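[1] how would this look folded up:
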Amino acid sequence: MPKLFPLPSPLLQKTIFIAFVLLILFTSLLDSAMALGAGLVVGLLLGNPFEAHTGKISKYLLQAAVVGLGFGIDLYQVAETGLVGAVYTLVSLTTTMGVGLLLGRVFGTPSRLTHLVSSGTAICGGSAIAAVAPAIKANDQEISIALGIVFVLNAVALFVFPPIGNALGLSQEQFGTWAAIAIHDTSSVVGAATRYGDEALQIATTLKLTRALWIVPLVLVSSLLFKDGEKKLSIPTFILLFVLASVISTFIPAMEAVSPILVMLAKKGLLLSLFLIGANISLSALKAISPKPFWQGLLLWLFISVTSLAVIYGLG
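    Presented below is the predicted three-dimensional model:
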């Protein structure tokens, strides 16, 4: 696996890796962007000494963190904003898929790769790609390219969305809605919203996980489009657990004392998962992204980001 310069000794690699983990778990020195940046330093410059394990750990840790954040969701507040969120979700999903498929024709990108990139942009990044890929019989290269594009754009969004929101004076509700619509993966949505404020985090997490439920009809339609209607549909388990956590926190009074602790632990888990995601990225993975699909994914992301921001900002 290529690196930018000769790697340090295995002992030094492990020491640096563990030091970052301890900083994340036991201090407040690293926010979400810094945790991801630290992971990239490890993955691209120093080498990840636990590469065989961090991919799987980050996946399940992220899901557990999202479930834990459910204990900070007030369903009464969700009910107040649910209709607006549903409208935004439906319009943005159909628009994104339509524009994405059109861009695929313009760039001459293979149909399955186009569908994966469009699906990941429309709903929830890597989760949508992973769910849709078997339904359309995408190969490993198509899946890896689509995931690579999503990761790069997610990393950019995590860093640039909060400053843009501050520059435009977006409210907590406006930013949370925009992040949920325009950022691919749940990890980056939550990471960006965390930097903006607690209310933005609640709104963004709720809307993003509501959007994730659209994986089910998307997989069904994808199966029909690619003549593979025998695949079974399933809702990701962590989404159901997030909803359950929200119900428990909202309707069981005794949880008022416990929920803040669970949310705090979930935020720590989120930071650690972002660090592990960054640490698992290599130069070879980045180089696997060919130009046309990347520009296609970038233009699609810019389109949905700018148009959704214009609508949200205008209505505000």
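[2] from now on I want contacts and neighbour counts done on CA atoms only, so please keep to that.
    OK.
[3] tell me the contacts of the residue nearest the centre of the chain?
    Ranked by distance to the mean C-alpha position of the chain (CA atoms, centre = their mean), the top residue is Asp185 at 1.4 Å. For Asp185, the contacting residues are Gly120, Cys124, Gly125, Gly126, Ser127, Val150, Asn154, by CA atoms under 8 Å, 6 or more residues apart in numbering.
[4] most widely separated two among those?
    Ser127 and Asn154 (13.1 Å; CA to CA).
[5] so the two - more neighbours on which side?
    Comparing Ser127 with Asn154 by other CA atoms under 10 Å, the one with more neighbours is Asn154, at 24 against 18.
[6] and that one, how close does it get to Met97?
    According to CA to CA, to the nearest Å, Asn154 and Met97 sit 18 Å apart.
[7] please apply the same query to Gly120.
    10 Å.
[8] out of these two, which sits in the busier spot?
    Legend: neighbour count by other CA under 10 Å for Gly120 and Met97, higher for Gly120 (29 against 23).
[9] shouldn't that one be in contact with Ala133?
    No. Between Gly120 and Ala133 there is no contact under CA atoms under 8 Å: 10.5 Å.
[10] what's the local residue count around Ser171?
    Count around Ser171 with other CA under 10 Å applied: 17.
[11] who's in contact with it?
    Applying CA under 8 Å, 6+ apart, no residues contact Ser171.
[12] swap in 10 Å and give it another go.
    Counting by CA atoms under 10 Å, 6 or more residues apart in numbering, Ser171 touches Gly165, Thr177, Tyr196, Gly197, Glu199, Ala200, Tyr313, Gly316.
[13] for Tyr60, same thing?
    By CA under 10 Å, 6+ apart, the neighbours of Tyr60 are Val66, Phe238, Ser273.
[14] what do Ser127 and Asn154 both touch?
    Residues touching both Ser127 and Asn154 (CA under 10 Å, 6+ apart): His184, Asp185, Thr186.
[15] redo those residues as JSON lines? Include pLDDT.
    What follows is the shared contacts of Ser127 and Asn154, written out as JSON lines (pLDDT from 0 to 100):
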{"residue": "His184", "pLDDT": "85"}
{"residue": "Asp185", "pLDDT": "81"}
{"residue": "Thr186", "pLDDT": "77"}
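[16] tell me the one of these nearest Leu90?
    His184 (15.5 Å).
[17] next, give phi and psi for the nearest residue to that closest one once chain neighbours are set aside.
    Spatial nearest neighbour of His184, excluding adjacent residues (CA to CA, 6 or more residues apart in numbering): Gly125 at 4.4 Å. Per-residue torsions, Gly125: phi 60, psi -120 (degrees, to the nearest 10).
[18] Gly125 and Gly269, how far apart?
    20 Å.
[19] higher neighbour count, the two?
    Neighbours per residue, other CA under 10 Å: of Gly125 and Gly269, the larger number sits with Gly125, 28 against 22.
[20] residues contacting that one?
    116-119, 146-147, 149-151, 153-154, 183-188, 212.
[21] average pLDDT for stretch 208-215?
    Here stretch 208-215 scores 73 as its mean pLDDT.
[22] pretty sure Gly169 contacts Phe175?
    Yes. Contact criterion CA atoms under 10 Å: Gly169 and Phe175 qualify, at 9.3 Å.
[23] higher neighbour count, those two?
    Phe175 (30 against 12).
[24] who are the neighbours in contact with that one?
    Phe175 neighbours (CA under 10 Å, 6+ apart): 161-162, 164-166, 168-169, 181, 192-193, 196-197, 199-201, 203-204, 309, 312-313.
[25] just the buried ones from these?
    161-162, 165, 181, 192-193, 196-197, 199-201, 203-204, 309, 312-313 (16 or more other CA atoms under 10 Å).
[26] looking at the residues you listed, which is nearest Ala279?
    Ala192 (18.9 Å).
[27] who's in contact with the closest one?
    Taking CA under 10 Å, 6+ apart, we find Ala192 in contact with 31-33, 154-155, 157-163, 175-176, 179-180, 183, 186, 200-201, 204.
[28] again, only using 8 Å
    Ser32, Ala33, Ala157, Leu158, Phe159, Phe161, Pro162, Ala179.
[29] the fifth one - how many residues pack around it?
    For Phe159, the tally of surrounding residues (other CA under 10 Å) stands at 19.
[30] now Ile261
    If we define neighbours as other CA under 10 Å, then Ile261 has 15 of them.
[31] where does it fall, secondary structure wise?
    Using DSSP states H and E, Ile261 sits within helix 255-279.
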